[in-house]
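Novice: below is the sequence, then the predicted model.
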Number of protein chains: 2
Amino acid sequence: MPEPRFRRRKEDRPQEITEAAFEAFAEKGYSATRVDEVAKRAGVSKGLLYLYFKTKEDLFKAVIRSFVVPKIDELTTIIDNSELSSEEFLRGPFLDFVKTLPGSPISILIRLMISEGPKHPDLLDFYWENVVSRGLGALNIIVKRGVENGEFKHSCVDEFPHLFVMPVVFSVLFKLLFEKQCPDTDKLIEAQVGLLIDHMKGEHS
Amino acid sequence: MPEPRFRRRKEDRPQEITEAAFEAFAEKGYSATRVDEVAKRAGVSKGLLYLYFKTKEDLFKAVIRSFVVPKIDELTTIIDNSELSSEEFLRGPFLDFVKTLPGSPISILIRLMISEGPKHPDLLDFYWENVVSRGLGALNIIVKRGVENGEFKHSCVDEFPHLFVMPVVFSVLFKLLFEKQCPDTDKLIEAQVGLLIDHMKGEHS
DNA sequence: TCACTTGCTGACCCATGGGTCATTAACTAT
DNA sequence: ATAGTTAATGACCCATGGGTCAGCAAGTGA
């Protein structure tokens, strides 16, 4: 009795395909990845892939959606369930979270957003709304909370939560491009966060 | 007497072609740019382009080489000809220099390095040696000089000149991707530099 | 078991674009 | 002048890979 040549599993296919695509894109980037290759990795024919995703671009968008957004959800969940002071939160859970990013598969998606973003304005809008602005917003809340309860003074950090994100983006890219020459990204990120907290706690306008 | 159909200008062609390629790459990215298009912009036939550059990849490398390296030379020249204190230098010429980068054509090359770099390891090596390590080295000298002459205390900045570069890379990318939502990059960069200088001047280990 | 739906296949199509080369014409030297 | 050199052309080649579709077979229900 021979194994069936294939099995019909309508429910699982999309996820299997996006996972395969994620791996492939991560290894080779978007344009160097062949649709055939993705199909092969997913153990599926190219034709089937085109049944679930209208174009290669579509597939790409699905990958971004399904892998990056959960990562941000993770962060906001941590915030909501935390009773720590702002400083404790930044030095604890926040630092733990962002230190995992450089070197993780997520970093590749960040690179893909940089390379492919300008060609997909609607994707950038989506990414802005669901990832970047939510992330910056979360940081803003933490900082504001710290100022309001007297932990921190007012400073330029109020205006630029970006200052907390910078070292993460930088580390992600540095590790990706110059792995051999890369500084200890954990320490770099810690240094910046420590620096910002010191600054917010000290005497400044 | 008719205009000649073309003129032989062996000397000028390479530069004209790399300039055209720079523009084209800047607008469309590497893989979306057609060799034909570059040739047309340079007012030249595709065949001629292949006389001066063996492959499209070759052309890309030439573009990076001829546009990014001079930018770093500019920076090191400023340093060598400056008699300012470290703080004055950082707040003056350094800040002026890096503030011009976001929004300039150079920022597109940074994006291209990020997208195409991983596919061209030798290009990354070149870039590291001629741009990144030279830039970080220059910053290191400034910081070290400041520490030696008592302007600055020892701090984590000694170890991470990267802290000065972070906001620049970040601003470049942010403006490129989310122009509409982009904060005032001049202020962001100034904030970080000011923050670092304050930190170096204060009491820290 | 037999007709029917539909998930799935893989051979095929064809636009695209990197790269070539036989030919042409602008310079150069004698 | 004129023969020789080579910058420059552009029509052509062909591998590549995104996208299609006629047909096949796994599941389904009567």
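Specialist: Cool, the structure landed. Numbering: from 1, shown residues only, chains lettered A, B, ... in the order given.
Novice: count of neighbours near the residue of chain A found nearest DNA strand C?
Specialist: Minimum separation of chain A from DNA strand C (Cβ to the nearest atom of the strand) falls at A:G47, amounting to 1.9 Å. The way it works is simple: take the backbone N, C-alpha and C, and place the C-beta from them, glycine included. By the criterion of other Cβ atoms under 10 Å in any protein chain shown, A:G47 has 8 neighbours.
Novice: please enumerate the helices of chain A.
Specialist: Assigned helices in chain A, in chain order: A:13-28, A:35-41, A:46-52, A:56-80, A:86-89, A:95-99, A:105-116, A:121-127, A:133-148, A:162-177, A:185-201 (criterion: DSSP state H).
Novice: of these, flag the one that's most buried.
Specialist: helix A:162-177 (a mean of 22; mean count of other Cβ atoms under 10 Å in any protein chain shown).
Novice: any low-confidence regions in chain A?
Specialist: Applying pLDDT under 70 to chain A picks out residues A:1-6, A:8, A:203-205.
Novice: does A:G146 really touch A:E88, like I thought?
Specialist: No. In terms of Cβ atoms under 8 Å, A:G146 does not count as a neighbour of A:E88; the distance is 10.1 Å.
Novice: identify the contacts common to these two.
Specialist: Residues touching both A:G146 and A:E88 do not exist when contact is defined as Cβ atoms under 8 Å, 6 or more residues apart in numbering or on different chains.
Novice: send me stretch A:69-79 as PDB with only the CA atoms.
Specialist: Extracted as PDB, the C-alpha positions of stretch A:69-79 are listed here (Å, rounded to 0.1, in the frame of the first residue of the first chain):
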ATOM      1  CA  VAL A  69       3.600  41.700  15.100                       C
ATOM      2  CA  PRO A  70       3.600  38.900  17.700                       C
ATOM      3  CA  LYS A  71       7.000  40.200  18.800                       C
ATOM      4  CA  ILE A  72       5.600  43.600  19.700                       C
ATOM      5  CA  ASP A  73       2.600  42.000  21.300                       C
ATOM      6  CA  GLU A  74       5.100  40.300  23.600                       C
ATOM      7  CA  LEU A  75       6.600  43.600  24.700                       C
ATOM      8  CA  THR A  76       3.300  45.300  25.400                       C
ATOM      9  CA  THR A  77       2.000  42.300  27.300                       C
ATOM     10  CA  ILE A  78       5.100  42.500  29.600                       C
ATOM     11  CA  ILE A  79       4.400  46.200  30.200                       C
END
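Novice: list the contacts of A:Y52.
Specialist: By Cβ under 8 Å, 6+ apart, the contact set of A:Y52 is A:13-14, A:17.
Novice: at 6 Å instead, please
Specialist: Taking Cβ atoms under 6 Å, 6 or more residues apart in numbering or on different chains, we find A:Y52 in contact with A:13-14.
Novice: from A:F60, how far out is it?
Specialist: When distance is defined by Cβ to Cβ, to the nearest Å, A:Y52 is 13 Å away from A:F60.
Novice: no further queries at this time; thank you.
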